[in-house]
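J.: Below: sequence and its predicted model.
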Amino acid sequence: MEVKVLEVRDKMTFMPVLAIWFNTTDSREHWLLHRAGFHTPTDYLMVAPLTDLHRATTDPFDHSNARTMRTLHQHLYDHWSTIKTGDLIDIEVVLGEKTTPKVSEQVAEDIRRMDAEGNWP
């Protein structure tokens, strides 16, 4: 299984997200996933906001925040191999509404901590 933690941004939205791809080659994991109802475990991608893990789902159409999470879920499914844990996914860019992605809040926070000469406190 592969796990990625992502910074997801959209219009007026910041959301840390957990994504798990059930692409196991381990026979014990495969058996357990199959017993849990994942009959072809390599085809499942579970996505959940880190602030609301009980909303984890493998169905892109089951998210309550349809625009952000449904778009994210499909984008992850289509581009999993090129996305790294910690990446920022800007939904407005994914949807073609903007061409330049937002700056990560982590980077923005780090910049705010620097003094006037660019030194870290």
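T.: Thanks, I have the structure now.
J.: got the phi/psi numbers for the spatially closest residue to residue 7 that is not a sequence neighbour?
T.: Excluding its sequence neighbours, the residue lying closest to residue 7 (CB to CB, 6 or more residues apart in numbering) is residue 88, at 4.5 Å. In short, each C-beta sits where N, CA and C put it, glycine included. Per-residue torsions, residue 88: phi -100, psi 130 (degrees, to the nearest 10).
J.: which residues touch the host helix or strand of residue 32?
T.: Using DSSP states H and E, residue 32 sits within helix 27-35. Residues outside helix 27-35 that contact it (CB atoms under 8 Å, 6 or more residues apart in numbering) are 1, 22, 24, 41, 44.
J.: What average pLDDT does it get?
T.: For helix 27-35, mean pLDDT is 89.
J.: after it comes which helix or strand?
T.: Taking DSSP H and E, what comes next after helix 27-35 is strand 45-49.
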